[in-house]
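Peer 1: structure of the sequence below:
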Amino acid sequence: MELIFDDRGMIIRRDNVSVLLISDLHLGFEEVISEEKGVHFPLQHVNILERIKTLVEKYDVQILYVMGDVKHTIMTDIPFNWDILPDFMSDLSNVVRTVVIPGNHDGDLEALLPRNVELADVRGVLIGKGEERVSLFHGHAWPAPNLLDASLFVMGHTHPSVSRFHTVSSSNTGRDNRRRYAGSVPVILHSKLDKDCVRRYLGMLEIPDDEYAKLVTLPSFNRIVTGIAVNSPNSKLPGPIFDNSCVNLFDSEVFSIDGLFLGSVGWLRERFNETIKSKPRGD
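Peer 2: Numbering: from 1, shown residues only. Predicted coordinates for the structure are as follows:
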């Protein structure tokens, strides 16, 4: 089994089959931002569809799993959802076989989906066979018990990112250089999942020699959705897996969206603290 990371997505290749995993499209997010903040972004659904097409063609993808939060508003009764989502999902299903695992923003999503888009259980799905089984779930709820048979888990929901800072020269004003927030970049987390921790919360028996699995957490596929900065000392990731310490976030490894290792969460938080506390010097 081969794992590939590209453009905020994850591709699983095995037995001449390629599966594409993406999460958190949050279609309609730009409409909400426009109404609430007066900040206007181009509609993202066209860009998202084109990026998915590119990945499908590049990796010869047979199945696409959208792992939750297809839409941004929890309820369906806004014009954007009815004007955009049915056609978007229809166009998507014409490109590749599409399966949606509902997220916490996907209330009444079924009403917006064409019949050829498969709607999976909200607690996730188990794909693959034998030692190459992979569990897919959104992350806002506990995974289904059968998902614990896998050694690799993939989720979304938390929108992991890393905050960046730049040193801004202010010599003309007679002041020391200042550090300024320079936005955030999406990242992918690789964590060690304590499956027995999950079993205890699901009321299941612990299984010796099957305690741990790898958990991959994907960022939002929507480029205008910001994330939770994992390098910020006080940040916490939502969802029962992280809330109940079934993952040690501090030890989790952080990768760029195309697979470059950036360091552990703990190491990045130490660098973040040093950056904030140190005083930039002018030349």
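
Peer 1: so for residue 13, what's the pLDDT?
Peer 2: pLDDT recorded at residue 13 is 95.

Peer 1: what of residue 168?
Peer 2: Note for residue 168: predicted pLDDT of 54.

Peer 1: same deal with residue 77?
Peer 2: We have a pLDDT of 71 for residue 77.

Peer 1: OK, contacts around residue 123?
Peer 2: By C-beta atoms under 8 Å, 6 or more residues apart in numbering, the residues touching residue 123 are 137, 141-144, 147. (Each C-beta comes from the backbone N, C-alpha and C, glycine too.)

Peer 1: most neighbours of all those residues, which one?
Peer 2: Among the contacts of residue 123, residue 137 has the most neighbours (other C-beta atoms under 10 Å), with 28 neighbours.

Peer 1: measure it to residue 44 for me?
Peer 2: Applying C-beta to C-beta, to the nearest Å, the value for residue 137 to residue 44 is 24 Å.

Peer 1: helices of the stretch 51-200 of the chain, start to end?
Peer 2: With DSSP state H, counting those that start in this stretch as the criterion, the stretch 51-200 of the chain has helices at 79-95, 195-201.

Peer 1: in the longest one, what counts as buried?
Peer 2: Translated: helix 79-95. For helix 79-95, burial by neighbour count (16 or more other C-beta atoms under 10 Å) applies to 80-81, 84-85, 88-89, 92-93.

Peer 1: quick one, phi psi at residue 268?
Peer 2: phi -70, psi -30 (degrees, to the nearest 10).

Peer 1: er, residue 262 I mean
Peer 2: Torsion angles, degrees, to the nearest 10, at residue 262: phi -110, psi -20.

Peer 1: next one: the one 3 residues further on
Peer 2: Comment: the main-chain dihedrals of residue 265 come out as phi -60, psi -40, following degrees, to the nearest 10.
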